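A.B. asks: what would the 3D arrangement of this be:
(chains A and B)
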Amino acid sequence: KAGVTQTPRYLIKTRGQQVTLSCSPISGHRSVSWYQQTPGQGLQFLFEYFSETQRNKGNFPGRFSGRQFSNSRSEMNVSTLELGDSALYLCASSQRTVLNTEAFFGQGTRLTVV
Amino acid sequence: SQKIEQNSEALNIQEGKTATLTCNYTNYSPAYLQWYRQDPGRGPVFLLLIRENEKEKRKERLKVTFDTTLKQSLFHITASQPADSATYLCALDTGRNTPLVFGKGTRLSVIA
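C.D. replies: Residues are numbered from 1 along each chain as shown, chains lettered A, B, ... in the order given. Predicted structure coming up:
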């Protein structure tokens, strides 16, 4: 079974630009969650999509948005980039059933804003 | 407010010893507690899950305990090896379709 795939792996953007990150979950997983990881803050939850609907949202500004397609693939968009958005962005897929709640993470996208 | 703490940012131990990592939480009622391993520059990898009605779970050299009275989970690696060096994260799951909440992790270094 293929794992979670995130593209691109690395990205360098300039302040004020916007960026789109992509995540392909494990086949059969309907839940896709996005996290931001920085050395000081650890893993911070951004949002979760389940069957194309945003089910949960973290405490991030509206510049951070996402969507999920009918094939469960998900994209995350950040507009008007700030230096503080530099981080590792991780996508996790899960079945999110009573018996299967563990998350499977991709390798992440390392975003650097200059 | 809800809080999850892994009370050691870093832990150094000798090869062959047992490493014990702690995860404490407040104002949560988790149905599950999960442990992940993360290597530098990579995504976390799921290791073990323990349910609120379970006291202990084992997998090879790994053991997790869950005490809902103390609001604490302990993660043990027995006979530790340098290859066990990584950051270990605990995560709470309320089981009610809310997001997993992660601790900041403990960076374990096993010294040969």
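
A.B. asks: now chain A against chain B: closest residue?
C.D. replies: Proximity to chain B, evaluated over chain A using C-beta to the nearest C-beta, is greatest for residue A:105 at 3.2 Å. Yep, even glycine has a C-beta here, placed from its N, CA and C like the rest.

A.B. asks: pLDDT score for the closest residue to that residue other than its chain neighbours?
C.D. replies: In space, and not counting its chain neighbours, residue A:105 is closest to residue B:43: 3.2 Å by C-beta to C-beta, 6 or more residues apart in numbering or on different chains. At residue B:43, the pLDDT value in this model is 95.

A.B. asks: and residue B:43, what element?
C.D. replies: Using DSSP states H and E, residue B:43 is not contained in any helix or strand.

A.B. asks: ok, now how distant is residue B:66 from chain A?
C.D. replies: 14 Å (C-beta to the nearest C-beta, to the nearest Å).

A.B. asks: could you pull up the residues touching that residue?
C.D. replies: B:33, B:50-52, B:54-57, B:73 (C-beta atoms under 8 Å, 6 or more residues apart in numbering or on different chains).

A.B. asks: tabulate the residues you listed (TSV), appending distance to chain A and pLDDT.
C.D. replies: Formatted as TSV, the contacts of residue B:66 follow (distance: C-beta to the nearest C-beta, whole Å; pLDDT from 0 to 100):
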residue	distance to chain A	pLDDT
B:33	11	92
B:50	11	93
B:51	10	91
B:52	12	88
B:54	14	92
B:55	19	90
B:56	18	95
B:57	13	96
B:73	15	94
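
A.B. asks: farthest pair in these?
C.D. replies: Spatial extent of those (C-beta to C-beta) is set by the pair B:52 and B:56 at 12.8 Å.

A.B. asks: those two: which is more packed in?
C.D. replies: Remark: of residue B:52 and residue B:56, residue B:52 carries more neighbours, 14 against 11, as counted by other C-beta atoms under 10 Å in any protein chain shown.

A.B. asks: surely the more buried one is in contact with residue B:31?
C.D. replies: Yes - using C-beta atoms under 8 Å, residue B:52 makes contact with residue B:31 at a distance of 5.4 Å.

A.B. asks: leaving out sequence neighbours, find the closest residue to the residue nearest to the spatial centre of chain A.
C.D. replies: For chain A, the residue nearest the mean C-alpha position is residue A:34 (3.0 Å; C-alpha atoms, centre = their mean). Residue nearest to residue A:34 in three dimensions, not counting chain neighbours: residue A:46, with 4.1 Å by C-beta to C-beta, 6+ apart.
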